[in-house]
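Visitor: Let me see the structure of the following:
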Amino acid sequence: MLVAEIGITEATTTEVARVLNASFTARQTIGAVIEATRLGTKKAIDAAADAEAVIWAASVVNWPS
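Guide: Alright, predicted model coming up:
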């Protein structure tokens with residue numbers, strides 16, 4: 001698969017691998033933040049006393065970008 005990207009993503013297999021590794025690392029990092037946000041929101045919704053509290057918990061989520 002790396003060879004298929006030579007000349008498109010980068011010029012050599014090593015350079016393609018570096019780009020893909022950097023992308024993988026970035027996705028792991030943002031994925032962890034998204035999961036923490038999701039679980040925190042789920043916890044707040046589960047703890048909500050009424051429908052208004054559920055709506056509020058869902059409306060104040062600050063999803064990472």
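Visitor: now the strands for the protein?
Guide: Counting by DSSP state E, one finds no strands in the chain.
Visitor: residue ranges with poor pLDDT in it?
Guide: For the chain, not a single residue meets the criterion pLDDT under 70.
Visitor: can you give me the offset of the longest helix along it from its chain's centre?
Guide: With DSSP state H applied, the helix covering the greatest number of residues in the chain is identified as helix 13-47. Centre-to-centre, helix 13-47 and its host chain are 3 Å apart (Cα atoms, centre = their mean, to the nearest Å).
Visitor: Check which residues of that helix are buried.
Guide: 16, 41, 44 (16 or more other Cβ atoms under 10 Å). For glycine as for every other residue, the C-beta is placed from the backbone atoms N, C-alpha and C.
Visitor: which residue is nearest the middle of this structure?
Guide: Residue closest to the average C-alpha location in the chain (Cα atoms, centre = their mean): residue 31, at 3.0 Å.
Visitor: So it versus residue 14, what's the distance?
Guide: Here residue 31 is placed at a distance of 26 Å from residue 14 (Cβ to Cβ, to the nearest Å).
Visitor: ok, now residue 43?
Guide: In this view, residue 43 and residue 14 are 44 Å apart by Cβ to Cβ.
Visitor: Ok, residue 22 next?
Guide: Distance, residue 22 to residue 14, by Cβ to Cβ: 13 Å.
Visitor: ok, residue 11 - how many residues close by?
Guide: Neighbour count for residue 11, taken as other Cβ atoms under 10 Å: 10.
Visitor: And it, how far from residue 39?
Guide: Between residue 11 and residue 39 the computed distance is 41 Å (Cβ to Cβ).
Visitor: just residue 64 next, same as before
Guide: The spacing between residue 64 and residue 39, counted by Cβ to Cβ, is 13 Å.
Visitor: What residues does residue 17 make contact with?
Guide: Residues near residue 17 by Cβ atoms under 8 Å, 6 or more residues apart in numbering: residue 2.
Visitor: Great, nothing more from me.
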